[in-house]
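> Predicted model follows, preceded by the sequence.
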Amino acid sequence: MFEGFRIEGVDVGDVELHVRHGGTGPSVLLLHGHPRTGATWHRVAARLVDAGLTVVVPDLRGYGRSSKPVTTADHTPYSKRTMAADMLRLMTYLGHETFMVAGHDRGSYVAFRLAMDHPQAVTRLALLDSVPILEALERCDEQFARLWWHWFFFAQPETPERVINADPEAWYRASPESMGEEAYAEFRAATRDPQTVHAMLEDYRAGLGVDRQHDRQDRDEGRRID
């Protein structure tokens, strides 16, 4: 998995990000979702390198082997604006002033915020399995609540951690057959670590609070991705 990639920890300020990077050519940043790590991209990353791209695959703050900073009452340490700033610092450190970015699930919200806050850096944007947080919440109906109920459960204090940590394998169902042995091993280690579980839930708590506020401010000011 990730053959030929360099693996390192990169200090981006208040956190250290676990990152894999490799290849040559134009750069693309791949951002994973919940409850995964950068390992989720292992098949895609290899193909992109073969296509002539430099590929950067971090674990988001709070996920996998990246740092899990102490949170605050408003969950700002896990806001998508904070995570996007991490990504900009990471790419600058690696020597990529401009780059493409693709995000899946929670990573798509980081990718969206990166393009909104730092348009000079992002040349192409791909959002997978994604609806902007503010739009999703404002259009929430019974169908959305039934399908995406975990957004609201994860945003509750304390109880989600207790439920998930009681039996993480029952909560996060996956298999090495579907994910690959190495990617599954990383996934399993992350979901069995209470500190990581708490940090991942902070991502969702930020989503219903400070992230929604940032999205609304963008809309009120007429800001958009062109």
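Everything's here; your move.
> what are the bridge partners for the closest residue in space to residue 38 that isn't next to it in sequence, then?
Closest residue to residue 38 apart from its sequence neighbours, by Cβ to Cβ, 6 or more residues apart in numbering: residue 57 at 4.0 Å. C-beta here means a position set from N, CA and C on the backbone, and glycine is covered the same way. Beta-bridge pairing for residue 57 (DSSP bridges): residue 20.
> What about residue 57, how many residues nearby?
26 (other Cβ atoms under 10 Å).
> pLDDT of stretch 143-153, averaged?
Computed over stretch 143-153, the mean pLDDT rounds to 94.
> isn't the residue nearest to residue 38 right up against residue 36?
No. Taking contacts as Cβ atoms under 8 Å, residue 57 lies outside contact range of residue 36: 11.1 Å.
> What residue in the chain is the furthest from its centre?
If you look at how far each residue of the chain sits from its centre, by Cα atoms, centre = their mean, the farthest one is residue 142, at 26.6 Å.
> Tell me the first helix or strand C-terminal of the lowest-mean-pLDDT helix or strand in the chain.
Lowest by mean pLDDT, DSSP states H and E among the helices and strands of the chain is helix 176-179, with a mean of 88. Under the assignment DSSP states H and E, the closest C-terminal helix or strand after helix 176-179 is helix 181-191.
> Which element, helix or strand, includes the residue most central in space within the chain?
Nearest residue to the geometric centre of the chain (Cα atoms, centre = their mean): residue 107, 3.1 Å. Here residue 107 sits within helix 106-117, counting by DSSP H and E.
> Which secondary structure elements does that helix sit against?
strand 27-31, helix 80-93, strand 99-104, strand 122-128, helix 210-220 (3 or more Cβ pairs under 8 Å, 6 or more residues apart in numbering; DSSP states H and E).
> need the contact list for residue 199.
For residue 199, the contacting residues are 61, 62, 63, 68, 69, 71, 78, by Cβ atoms under 8 Å, 6 or more residues apart in numbering.
> Could you identify which of the residues you listed has the most neighbours?
That'd be residue 63 among those, by other Cβ under 10 Å, with 29 neighbours.
> Now for the residue lying closest to residue 93 once chain neighbours are set aside: which residues touch it?
The shortest distance from residue 93 to any non-neighbouring residue, by Cβ to Cβ, 6+ apart, is to residue 10 (5.6 Å). Residues near residue 10 by Cβ under 8 Å, 6+ apart: 16, 17, 19, 58, 90, 93, 94.
> Retrieve the pLDDT associated with the fourth one.
This points to residue 58. pLDDT at residue 58 comes out at 99.
> before we move on, back to that, show me what the helix holding residue 107 is in contact with.
By Cβ under 8 Å, 6+ apart, helix 106-117 touches 29-34, 60, 80-81, 83-85, 87-88, 101-103, 121-122, 125-130, 132-133, 203, 207, 211, 214, 218, 223, 225.
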